[in-house]
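> could you look at this predicted model? Sequence included:
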Amino acid sequence: MSEIFWLVAFPYLAVGLAVAVGIYRFVTARFTYSSLSSQFLESATLFWGSVPWHYAIILILAAHVVGWLFPQLWIDMLSGNRTYAIELTGVALSLLTIFGLGALLARRLLSARVRAVSMPMDVVLLVLLLAQVVLGAATAILYRFGGLWYPTTAGAWLWSLVTFSPNVQAVSALPLLVKLHIVGGFVLVALFPFTRLVHLVSAPIGYLWRPYQVVIWYRRGTRP
Amino acid sequence: MDVRRQVSMVFHLDKCIGCHTCSIACKNVWTDRKGTEYMWWNNVETKPGTGFPTLWEDQEKYRGGWELDGDDLRLKLQRKGGALANLFYNPRLPQLDDYYEPWTYRYQDLFDAPAGDDQPTARPISLVTGEYMNIEAGPNWDDDLGGSPIYAANDPNLEGVSEEERRQLTELERLVFFYLPRICNHCVNPGCVAACPMGAIYKRGEDGVVLVSQDKCRGWRMCISGCPYKKVYYNWSTGKSEKCILCFPRLETGQAPACFHSCVGRIRYLGVLLYDADRIEATAKVQTNRLIEAQREMILDPFDPYVIEQAKRNGIADEWIDAAQRSPVYKFVKSWNLALPLHPEFRTLPMLFYIPPLLPVMASMKKATYDIDEREFFGSIESARVPLRFLANLFSAGDIEPVSLVLRRLIAVRAYKRAGTVGDITQAQAGSMLDAVGLTEEEAVAIFRLTSLPTYDERFVIPPYQREAAMEELFGDPLAQKGETGFGPRARPRRGA
């Protein structure tokens, strides 16, 4: 029963919450739709936290997404010796995220200036993220070659959720540690609109093709 | 030709007495909120000095402004891809300590301290953390050359100034300084706008004021590095960038900006310039020694019938063209060539211009008096106490000629007036001085009048903004908004995570 809740109802709930509240917050409180940067107040530790954390987690998430959306491509990619290389890279990246989050958490708690701009939710989020990447790293180390079993288990289960034909069997045999990692992921999805995680959707990709200068007129009709 | 308008500024440095009234007026109106305490949208620096934030002119440190890469004009900070790569950590971001940590005092302790042998004191506490702190810097810490062996000696503009001249700068009886009031330059080719990944900073088409949309800003902090003048500030409490808005709510109601209005020395002038937007890029790309000239060429003659016709085609109202014709800025910048941009080599085409100061000539070492030489009553500018090279580094990208011409013109105008009022210089002498710098007597009189005796309406020529028409276009019936207060965010700038 609880498996049905955590592996079927909860993911839907989390995504629904993220989308609904995310849109609500964007419409009603766009001013707050960013990560409140504290680099101006503390820069030295931020470098060792933010840089490794962001780059490592982007790569790790990309691997999760590719393995889920293009399982055959992913499995082909992993064939032969490349399995070891990719597994090793994954473990190294997960250790980097732990290192980065550790630094971020340390400055969040220890620097008086950063504390001055911290919300309780910032600390909660960092702790949950840390728990999630520790679970992920543990999965990678204890249950080897996740790259190979992930597309057919968790990947298949995610697909079943997307197509509204939930298939809990795909993941029910997985160890508890892995299940915690799965649920943890959706806890973070659910928290997305309530935390600084909203900055994820303000990634300014449009900058790449925007002209440098921006000029805005009040009266549109008067421009040639 | 694409005629655009710019409300632009001239600061006459000979008249600045360094009283900081402008800074206080601005602070009281705009930056007395949490997170903005350290910001000084208007500040006054002592030159030579390292300024605010410390060493802002050192672009090897902050990478602000533009640079030419062959034929390509690019941000000194980073390419566009680099901006995305540096989102998580901006390596060129100035820190709070590069400005100063804002503070207040625990005044209540003066009343609440228990009786004792010592006087109670109000200890300073940080406005960021609320904890006790030691005050180690302030926004004008090196005011009037305070601590000059550290501050003035490290002024980046001293590059190329000889050792001998540097030594003399700090010598008693010779030492010299002047004030440099600074606000946002509302550049035509702004580095902050170009550096913003979100497109949250923009230049208003109507008057060229550069603004940050607080709702669009996501706090990526690139503008702060991209602005070579360090006139975009990071509000650490709301996580947004803020900057001088040239008091646009005042402009729109026909009033001069607070810093202009309150200026005690009446050094500030404000007026409309028309410029050719088609020439912006080409102007920003010319060789360094042609920048001042090219920027002047970009500014259009508001009396030229063709310019007027093109301006009208772009929807510029007659009142604006009239204001451009009466603009004191146009006269100083283009008619008389007296006002120069600050650090044109940053290539942002700043629209705030400075008339460099005509500092006192050296006293005679022998007689310990000021030599009054009939031939050169005000002394030659080469023997002025501040090295020409220093002024050239500030106002003409190191080229001495434009600064020298301005100073010689200012001297000629003074000589001309002295010939008329005191008479110890003959009219013929004064006339030949004017000729030598290419000024007519009428121009000399006009320069004198606009420098010394301008009225409020001559200093600030603000055209009617016709906001009612703009509102109609935006919101339809203007009466629908009646009884509401203002535009923009209607919620308090409170942050929830």
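Happy to help now that I have it.
> going forward, measure contacts between C-alpha atoms and count neighbours the same way
Will do.
> since we're on B:G147, how many residues are nearby?
13 (other Cα atoms under 10 Å in any protein chain shown).
> that one - that's part of a helix, no?
No: in this structure, B:G147 is coil, not part of a helix, as judged by DSSP: H, G, I helix; E, B strand; the rest coil.
> tell me how far it lies from chain A.
Per Cα to the nearest Cα, to the nearest Å, B:G147 is found 26 Å from chain A.
> shaky segments in chain A?
A:1, A:219-224 (pLDDT under 70).
> which stretches of it form strands?
Taking DSSP state E to define them, one finds strands in chain A at A:215-216.
> center of it - which residue?
With distances taken as Cα atoms, centre = their mean, the residue of chain A nearest its centroid is A:L61 (6.4 Å).
> and that residue, how far from A:E87?
Computed as Cα to Cα, to the nearest Å, the A:L61 to A:E87 distance reads 14 Å.
> try B:L75
Distance from B:L75 to A:E87, by Cα to Cα: 40 Å.
> the bottom helix or strand of chain B by mean pLDDT?
Here the helix or strand of chain B ranked lowest by mean pLDDT, DSSP states H and E is helix B:467-475, holding a mean of 74.
> quick one: it near chain A?
Yes: using Cα under 8 Å from any Cα of the partner chain, we find that helix B:467-475 touches chain A at B:470-471, B:473-474.
> so what's the residue nearest the centre of chain B up against?
Centroid-nearest residue in chain B: B:R182, 3.6 Å away (criterion: Cα atoms, centre = their mean). With contacts defined as Cα atoms under 8 Å, 6 or more residues apart in numbering or on different chains, B:R182 is in contact with B:42-45.
> now, among these, which is nearest to B:W320?
B:N42 (26.3 Å; Cα to Cα).
> tally of neighbours for the closest one?
23.
> what do you get for the one 4 residues further on?
The local packing of B:T46 (other Cα under 10 Å) involves 23 other residues.
> list phi and psi for it.
Here is the backbone geometry of B:T46 (degrees, to the nearest 10): phi -90, psi 130.
> grab the nearest non-local neighbour of it.
B:Y179 (4.7 Å; Cα to Cα, 6 or more residues apart in numbering or on different chains).
> what sits closest to B:I425 if chain neighbours are left out?
B:I425 sits nearest to B:A419 (Cα to Cα, 6+ apart), 4.8 Å away.
> brain fart, A:W6
Closest residue in space to A:W6, ignoring its immediate chain neighbours: A:V183 at 6.7 Å, by Cα to Cα, 6+ apart.
> tell me the contacts of that neighbour?
Contact analysis of A:V183 by Cα under 8 Å, 6+ apart lists A:6-7, A:11.
> any weak-confidence spans in the stretch 51-200 of chain B?
For the stretch 51-200 of chain B (pLDDT under 70), the answer is none.
> just want the residue of it that's nearest chain A.
Across the stretch 51-200 of chain B, no residue is closer to chain A than B:A194, which sits at 4.4 Å (Cα to the nearest Cα).
> separation between B:L450 and B:T46?
25 Å.
> what's the local residue count around residue 72?
Picked chain A for this. Neighbours around A:Q72, by other Cα under 10 Å: 14.
> switch to chain B, please.
What B:D72 shows, counting by other Cα under 10 Å, is a neighbour count of 9.
> who does it bridge with?
B:D69 (DSSP bridges).
> which one is A:I57 nearest to, not counting chain neighbours?
A:T97 (6.3 Å).
> shouldn't the one you found be in contact with A:P52?
Yes: between A:T97 and A:P52 there is a contact under Cα atoms under 8 Å: 6.4 Å.
> which residues does residue 129 contact?
With no chain named, the answer covers chain A. A:L129 touches A:101, A:188, counting by Cα under 8 Å, 6+ apart.
> oops, I was thinking of chain B
Here B:T129 is in contact with A:112-113, A:115-116 (Cα under 8 Å, 6+ apart).
> check the residues you listed against chain B, which are close?
Restricting those to those touching chain B (Cα under 8 Å from any Cα) yields A:112-113, A:115-116.
> is it true that B:R4 lies in a strand?
Yes: with three-state DSSP as the criterion, B:R4 is part of a strand.
> by contact count, what packs against whichever helix in chain A runs longest?
If you go by DSSP state H, chain A has its longest helix at helix A:82-110. Packing contacts for helix A:82-110, counted by 3 or more Cα pairs under 8 Å, 6 or more residues apart in numbering or on different chains; DSSP states H and E, involve helix A:44-69, helix A:112-116, helix A:120-142, helix A:146-149.
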